[in-house]
Structures are given as structure tokens and as C-alpha cells.
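K.L.:
I would like the atomic coordinates for the input below:
(chains A and B)
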Amino acid sequence: MIAALSQTTVNLAYLVAAGCFILGIRFLSSPRTARLGNLLSAIGMAVAVAFTLALENVDRYAFVAAAIGIGAVIGAAGARTVRMTAMPQMVALLNGAGGGAAAGVALAEFNRLARLGDLPGDTLTAVLASTVLGGLTLTGSVVAFAKLQELVRGRPIVFPGQRLVNAVVIAAAVGLAIAAGATDETVLLGAAFAAAAVFGILLVLPIGGADMPVVIALLNAFSGLGGVGAGFVLDNNALIVGGALVGASGTLLTLLMAKAMNRSVANVVFGAFGQIEAAGDGRGVDGATVRATTPHDVAVQLSFARKVIIVPGYGMAVAQAQHDIGALADILEERGVEVKYAIHPVAGRMPGHMNVLLAEAQVPYTQLYELERINPEFPQTDLALVIGANDVTNPAARSDRSSPIYGMPILEVDKAASVVVLKRSMSPGFAGIDNELYVDPKTTMLFGDARESVLHLITAMKDN
Amino acid sequence: MTDLPLVLELTILVLAALLGFEVISKVPTMLHTPLMSGANFIHGIVIVGAILVLGTADDSFTKVVGFAALVLATANVVGGWFVTDRMLGMFKRRPEPKRDEADG
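P.N.:
Reported below is the predicted structural model:
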């Protein structure tokens, strides 16, 4: 029934799969071909799996089928029911699952080889990599999930002596793995995995919710490396190539994200933002008043505008206002207003978060503009509508050296003719600092839940 | 014992990583979330490793750990693909002028 293929045949199949993966990513370079690319990757995966199942010495089919069945149900159920706004945490969770799988594979294979007394010396690094990285990715991703899902405090959780504890734990994990390699004792490797898992929790816990985009990308890179390690342990080309691709993607995105925040990766991971905040609170805006406005007044402003730039942020995601914003934009466009969206690279909780939400709201992606392209247009804009974005619009980043966000490239919303900010209340954004934009004379604040505010705006516009 | 397999594997790794960087850097910023999700899906290739481990398992430790690994890997694969597909399905160009749709 199931064929008995040789390793050579299967390796050729892995080559095909690798090619499919690489082409799949290549097709991700344009929205038109992107979906095809995803399909191609799936084909590669299917080929790799099918041929592996048919490999001559694989035969515990009952177990395999059961495990695949359970995993498929969990994966499908999760992926199909999750809301778009919860995408970042879903990706984080799946990433953790992959990392855990890599560690499990390494553990099991190590055990098998150790019992046979056949552990090749050169697999030590690979085993170390996959077990330790896989372990920390598993728990780190779960913590990231919890933070984004707001099950855990989004603010950094810091305790004294933290760096020392972290260093000790990770050293223990690595040391145990090395010891396991030296003594062929699976128990030690299991302990290394446990230590790595603890480290994963400690690593991600102090990082604030708004830094999660970088962390998720970093965990992606780690799990990719874990996969590579597992590939070396098993002498499996598909794992090596797949893991390398994921590792490259995660690394690249991590560096891009960090650059967009003008902080180094080390600063994001180990800086525990709260500590930096203590160093300088930036110029306060206490004493200056903000001007509140009403939907009616904003609607009037909008009806006189010829060019409007919408600046979405995490607040829009939380309020699930993307559909209503799209509807508002449609109304504006029907009246001949030019509407563009300014997307800051770290707006939201994941790279491209705003793009995905707006795409869900059927906003054509041609209307979404990156920071470098949209900034020069703010001076010619009549009205900038900021919805749920805070730190990415704060002019203090340009001018205030004592500000924690100093140096971060921002959207130059303050150069527009007038600014309307949709915000729940005056509570500070993640950086915990006041936003100078709010007290600028040309800025008015529309307080309330973003979604409700937009709905009121739409009603007011229709009345005009 | 020959080092050839190790060197070969390292070669594959380096080439794959370089090729990966090349291809990934061509993905525009607006598609970074599907990229992360898609790359995540590719990481599900560990399912192959899990199948190998569980499919040839002889002792209970391997069976238990292998089973867990396979469940996790499958969730990664299936979940990852559906999430990426959902995301990509939403990216639309400016809609062409409607031809004979009822609500045109």
C-alpha cells in the first residue's frame, strides 16, 4: 500500500520541496502573485511529507496518522477562527509550536542515537542549537502570545537581578546540553530543554507589548535555526533548507524592525524599556491644554478638505475600526477628496499589521504608503486623521534628546494643515510619555472609542 | 569517519541562507506580515523530521516525544498555511469598475 522508497528518492523529493519554498517566497514579492506563492510552498510541503511517509523504514502509521490528525484539527481550528486583529499572536503561537517540534525531534533522535552508542561527535552543536533554541522559542512564543492577547500585563515585567538570573539560566541550558553530548545522557538534554524553556519565559516577559513585532520576528529566526539544527541531527536536507529560509526571514525582519524604531536589537530585547524611561521623561506637556472636538466639527473640516491622510495605529486594531475607516474613506473619495494612508513600520503589533487590517477592510493596497514616501506629502495635506497611533506621530522624537523615543523616525503629521486625533482618553501610549502633537494649536482631539467615533463621523458626513 | 556529509550540509545551509536573504529582501513592506506567516509555515517542514522520528520509533520515550513533536509540527503546518492564505486573500487592488454586478 505505502511504497518503500529509498533515501535517494526522498532526497530528490526534498530538493523539489526546497525549490518550491524558495520560489514561493519569491512570488511573495507582489500581491498579485503572492497567493500563488503560498500555494507553491504548500505543494513543496506536501511533496516532502508524502515522500517521507513512503520512506522504506517508516511504518508506525497508526501513531503518525493520529498525531497528524490531532495537529491538523488544532491548527485548522485555530487558524480559521482567529480574528484578523489577533493574527500576530496566532503567528507567535504557531512559531512556538514549530520550535517545540524541532526540539522534540532533536531530543528523540539524540535518545535513539545515544542508546545505540552511535552519537557522531559533530552533531553536538546541532543538538544544542535545536534543543535550546527550540525550547526557548516554544515558551517565548507562548509568552508573546499571552502579552498580545492581553492575558499578561503588556508593560515590561522587571525584577532586580534579572540580567544575572537570565545569564545563569541560559548558561545552565547550554552547559547541560554540552554535558549531555559528552555523556550521552538523554536526561541531561531533557534538563537543557527545560532550562531553555525557562529562559524563553524570562527573556520575553520583560519586553513591552509594543516591542512585540521585533520579538516575534526574532523568535521566528530562532525557530528557523532550531529547525536547521534538527536537520543536521537527522541529516535531512529539507529541514536544513526550510530552517535556513525561516531563519533568514526572521533575521531580516528583526533588523528592519529595529532600524525602524531606531534602536538596536539588543536594546529592544534586553533594554526593558521601562529602564530607559526612567533615564529621561522628555519634556512634559503638563499645563498645556488639549482641544477637544466633536464629530460634527470634524465632519465640517473634512468636507472642506481636498487631501486627507489617515494614520492608523494599534488603537484602530483594538477598536476593530478598520472597516469603518474604510467606509469613511469611501465617502470622502466619493466627494472628490484625495485619501491616502500613512503606515509607520512599527505601527501595530507586527510588521505589516496595519496593512493586513486595512486589506481586510477592502482598502486597496495602492492607497497605503510607507513612511519615506508619505512624509513629504504632509505639508500639502489639509487634514491628518490619526486613529489610534501615538508614539509614531510624536514630534518629540525629532527634537527632544531626553525623550525615550528620540531618534525614531516618525510620521510628520505635525506638518499637515490641521490634525484630528482619535483617542480613547489622554492616557499615554506605550512609551508612557506625553505626545507634543496633542497640544499643537492645529490639533484637535476626538475622544472616544475609535470605532464609535468613526461611525459618528460617517453619520455627520452624511448629514452635511 | 568522513566529514563529507557535514561539509555538504553546511554548504547547503550557507547557500540556502544566502538565497533566502536574496529572495526575502524583495518582499515589499506591505507584505511583511504574510511573509512572516509564510516563513512560519515553511518552518513546519520539521513535520518531516517528526514523521521520521515517530515512524521509526522503537521505545516509549521516542514514541511519546515524537508524538508530541508531530502534533506540534502539524499544527504549525496546517495553521500556518491557513493563516497565510487568509491574509493574502484580503489584498485587493483598487476594484475594477463593476461591469454588471447587481449593486453596481
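K.L.:
so who does the closest residue to chain B within chain A touch?
P.N.:
Closest contact between chain A and chain B, by CB to the nearest CB, is at residue A:71 (2.6 Å). For the C-beta atoms, the positions are set from N, CA and C on the backbone; glycine is no exception. Neighbour list for residue A:71: B:70, B:71, B:72, B:73, B:74, B:75, B:76, B:77, B:78 [criterion: CB atoms under 8 Å, 6 or more residues apart in numbering or on different chains].
K.L.:
the second one touches residue A:67, doesn't it?
P.N.:
Yes - between residue B:71 and residue A:67 a contact is recorded at 5.0 Å, counting by CB atoms under 8 Å.
K.L.:
how many residues are close by residue 29?
P.N.:
Reading this off chain A. By the criterion of other CB atoms under 10 Å in any protein chain shown, residue A:29 has 18 neighbours.
K.L.:
the chain in question should be chain B.
P.N.:
If we define neighbours as other CB under 10 Å, then residue B:29 has 17 of them.
K.L.:
and what of residue A:159?
P.N.:
Residues near residue A:159, counting by other CB under 10 Å: 10.
K.L.:
next, it: secondary structure please.
P.N.:
coil (DSSP: H, G, I helix; E, B strand; the rest coil).
K.L.:
what residues are up against it?
P.N.:
By CB under 8 Å, 6+ apart, residue A:159 has no neighbours at all.
K.L.:
and for the one 10 residues further on?
P.N.:
Contacts for residue A:169 (CB under 8 Å, 6+ apart) come out as A:195, A:198, A:199, A:202.
K.L.:
what's the strand or helix carrying the third one in contact with?
P.N.:
Pointing back at residue A:199 there. Following DSSP states H and E, one finds residue A:199 within helix A:186-204. Helix A:186-204 is touched from outside by A:103, A:107, A:110-111, A:114, A:127-128, A:131-141, A:143-144, A:147, A:162, A:165-166, A:169-170, A:172-177, A:179-180, A:215, A:219, A:269, B:61, with contacts defined as CB under 8 Å, 6+ apart.
K.L.:
could I get the buried residue list for it?
P.N.:
For helix A:186-204, the neighbour count (16 or more other CB atoms under 10 Å in any protein chain shown) marks A:186, A:188-193, A:195-204 as buried.
K.L.:
in chain B, which residue sits nearest chain A?
P.N.:
For chain B, CB to the nearest CB, closest residue to chain A: residue B:74, 2.6 Å.
K.L.:
element containing that residue, please.
P.N.:
helix B:60-89.
K.L.:
next: residue B:36.
P.N.:
helix B:32-43.
K.L.:
could I get the average pLDDT for that helix?
P.N.:
The average pLDDT within helix B:32-43 is 89.
K.L.:
what separates it from the chain centre, distance-wise?
P.N.:
Taking the mean of its C-alpha atoms, helix B:32-43 sits 6 Å from the chain's own mean (CA atoms, centre = their mean, to the nearest Å).
K.L.:
stretch A:328-338 now?
P.N.:
The answer for stretch A:328-338 is 32 Å, by CA atoms, centre = their mean.
K.L.:
what's the answer for stretch A:130-144, then?
P.N.:
The mean C-alpha position of stretch A:130-144 is separated from the chain mean by 15 Å, CA atoms, centre = their mean.
K.L.:
now swap in stretch A:407-423 and tell me
P.N.:
So, by CA atoms, centre = their mean, the centroid of stretch A:407-423 is 24 Å from its chain's centroid.
K.L.:
one more: stretch A:369-379?
P.N.:
24 Å.
K.L.:
tell me which residues are up against it.
P.N.:
A:260, A:307, A:309, A:340-345, A:384, A:409, A:411-416, B:29-30.
K.L.:
and that stretch, which residues are buried?
P.N.:
In stretch A:369-379, counting by 16+ other CB under 10 Å, buried: A:369, A:371, A:374, A:375, A:377, A:378.
K.L.:
what parts of the stretch 151-300 of chain A come near chain B?
P.N.:
A:186, A:216-217, A:220, A:223-224, A:227-228, A:230-232, A:234-250, A:252-253, A:256 (CB under 8 Å from any CB of the partner chain).
K.L.:
what is the burial count for residue 32?
P.N.:
With no chain named, the answer covers chain A. 10.
K.L.:
actually it's chain B I care about, not the one you picked
P.N.:
26.
K.L.:
ok, now residue A:57?
P.N.:
The burial count for residue A:57: 9, using other CB under 10 Å.
K.L.:
go on, residue A:185?
P.N.:
By other CB under 10 Å, 16 other residues sit near residue A:185.
K.L.:
same check, this time on residue A:114
P.N.:
With other CB under 10 Å as criterion, residue A:114 counts 18.
K.L.:
any stretches of the chain with poor pLDDT?
P.N.:
Let's take chain A. A:1-3, A:56, A:118-122, A:153-158, A:209-210, A:271-288, A:404, A:427-433, A:464 (pLDDT under 70).
K.L.:
oops, I was thinking of chain B
P.N.:
Checking chain B against pLDDT under 70 turns up B:1-4, B:92-104.
K.L.:
the same query, at a cut-off of 90, please.
P.N.:
B:1-9, B:25-37, B:52-63, B:83-104 (pLDDT under 90).
K.L.:
give the buried residues for the lengthiest helix in chain A.
P.N.:
Secondary structure assigned by DSSP state H gives helix A:87-115 as the longest helix of chain A. Within helix A:87-115, the residues that count as buried by 16+ other CB under 10 Å are A:87-114.
K.L.:
is it up against chain B anywhere?
P.N.:
Yes - interface with chain B: helix A:87-115 contributes A:87, A:90-91, A:93-95, A:97-98, A:100-105, A:107-109, A:111-112, A:115 (CB under 8 Å from any CB).
K.L.:
how far is stretch A:85-102 from where the chain is centred?
P.N.:
For stretch A:85-102, the distance to the chain centre is 10 Å (CA atoms, centre = their mean).
K.L.:
swap that for stretch A:352-360, sorry
P.N.:
The answer for stretch A:352-360 is 13 Å, by CA atoms, centre = their mean.
K.L.:
same question, stretch A:197-211
P.N.:
14 Å.
K.L.:
identify the residue nearest residue A:438 in space, chain neighbours excluded?
P.N.:
residue A:290 (4.9 Å; CB to CB, 6 or more residues apart in numbering or on different chains).
K.L.:
before we move on, what about residue B:41?
P.N.:
residue B:80 (3.3 Å).
K.L.:
again with residue A:133
P.N.:
Per CB to CB, 6+ apart, closest to residue A:133 is residue A:226, 3.9 Å.
K.L.:
can you give me the neighbour number for the one you found?
P.N.:
That count, for residue A:226 with other CB under 10 Å as the rule, works out to 36.
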